[in-house]
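**Student:** Let me see the structure of the following:
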Amino acid sequence: MALVAMPAATGACAADRSTSVTVFAAASLTEPFGDLQARLKTSNPGLALTFSFAGSGALVTQVQQGAPADVIATADPASMDRLRVAGLVDPPTSFATNRLEILVEPGNPKDIRGLQDLSRNDLKLVVADENVPAGRYSAQALQAAGVTVRPVSKEADVKAAVAKVTAGEADATIVYVTDVRSAGSKGQGVTIPEGVNVVADYLIAVVKATRNRVAADAFLTAVVDGDGQGELRRRGFLPAE
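**Tutor:** Below you'll find the predicted structure:
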């Protein structure tokens, strides 16, 4: 039996043992999508989900090159728009938003109080590369604050930037609020004021080349209207605007 959408109130889907969906997703979605996968394993044991997490730009390039994805979720509209304009995805849907926060080492030993401190010569700052949404958002926030920084490295995605700080290889980075939360006791957050912060808009779409159309549609529904929303809120994501 093919995967079919359950009533919207349940936020779930049903599948047989042969149904599989490959999801390309922004690295910052690692935790909530992992939570959703665990939930769906219980409610829909026949649905096999395979995730590929990376920077949104890299995922878009892979889809453009014909990688076998059924669904793609990006951390910005611009990345998704490349696929929409090329006619490679169904009309995308916004499903969550996020904001930026400075991640520092536990206890904030460098006494970093805001974006202005990131320009200090005594800090090792890493940022996400501007080829990925987190890097572009960070650059926008720094520009809005009038701050010029000299990062020691630019990382391939937001999780790589987090890893540099939690491993003690950097003093600070700019990531999403949800990534600071996911770092747990290995990191600490410093708030970025709303006036210079940036709203990250997450979009999801079914890839037109999917061979699992019904299953892909049902997974998207679970993210947009079902259990996925609860997992996103629990991990600190905000509702779509």
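**Student:** in the sheet, who's paired with the spatially closest residue to residue 25 that is not a sequence neighbour?
**Tutor:** In this structure, residue 25 finds its nearest non-sequential neighbour in residue 73, 4.4 Å apart by C-beta to C-beta, 6 or more residues apart in numbering. In short, each C-beta sits where N, CA and C put it, glycine included. Note on residue 73: beta-bridge partners by DSSP bridges are residue 25, residue 204.
**Student:** How much space separates the most centrally placed residue in the chain from residue 73?
**Tutor:** Centroid-nearest residue in the chain, with C-alpha atoms, centre = their mean: residue 28, separated by 2.9 Å. Between residue 28 and residue 73 the distance is 10 Å, computed by C-beta to C-beta, to the nearest Å.
**Student:** Quick one: the helices in this protein, in order.
**Tutor:** Here the chain has its helices, by DSSP state H, at 30-43, 56-64, 77-85, 133-145, 158-166, 177-183, 213-224, 227-234.
**Student:** Show me which helix or strand of the protein is least confident by mean pLDDT.
**Tutor:** Here the helix or strand of the chain ranked lowest by mean pLDDT, DSSP states H and E is strand 4-5, holding a mean of 34.
**Student:** Show me the domain layout of this structure.
**Tutor:** Domain assignment for the chain by automatic domain parsing gives 4-97+202-234, 100-191.
**Student:** Residue 128 is in contact with residue 75, correct?
**Tutor:** No. Assessed by C-beta atoms under 8 Å, residue 75 is found out of contact with residue 128, at 10.2 Å.
**Student:** Now for these two: what residues contact both?
**Tutor:** Shared contacts of residue 75 and residue 128, defined by C-beta atoms under 8 Å, 6 or more residues apart in numbering, comprise residue 134.
**Student:** sorry, back to before: deepest of the helices of the chain, which one?
**Tutor:** Each of the helices of the chain was scored by mean neighbour count; the highest is helix 158-166, a mean of 24, by mean count of other C-beta atoms under 10 Å.
**Student:** So which elements touch that helix?
**Tutor:** strand 100-104, strand 125-128, strand 153-155, strand 172-176, helix 177-183 (3 or more C-beta pairs under 8 Å, 6 or more residues apart in numbering; DSSP states H and E).
**Student:** Pull the distance from the last one to the chain's centre.
**Tutor:** The reference is to helix 177-183. In terms of C-alpha atoms, centre = their mean, to the nearest Å, the centre of helix 177-183 is found 11 Å from the chain centre.
**Student:** picking that back up, in TSV: the helices of the chain, plus distance to residue 21 and mean pLDDT.
**Tutor:** Shown next, in TSV, are these (distance: least, C-beta to C-beta, whole Å; pLDDT from 0 to 100):
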stretch	distance to residue 21	mean pLDDT
helix 30-43	10	93
helix 56-64	14	97
helix 77-85	17	98
helix 133-145	23	98
helix 158-166	22	98
helix 177-183	23	97
helix 213-224	5	94
helix 227-234	13	97
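**Student:** Can you say which of the ones you listed is nearest to residue 201?
**Tutor:** Of all the helices of the chain, the one in closest proximity to residue 201, counting by C-beta to C-beta, is helix 77-85 (5.6 Å).
**Student:** what's the angle from that closest one to helix 133-145?
**Tutor:** 130 degrees (axes from the mean of the first three to the mean of the last three C-alpha atoms, to 10 degrees).
**Student:** what's helix 77-85 in contact with?
**Tutor:** 56-57, 59-60, 63-64, 72, 74, 89, 91-92, 133, 201, 203, 205, 207.
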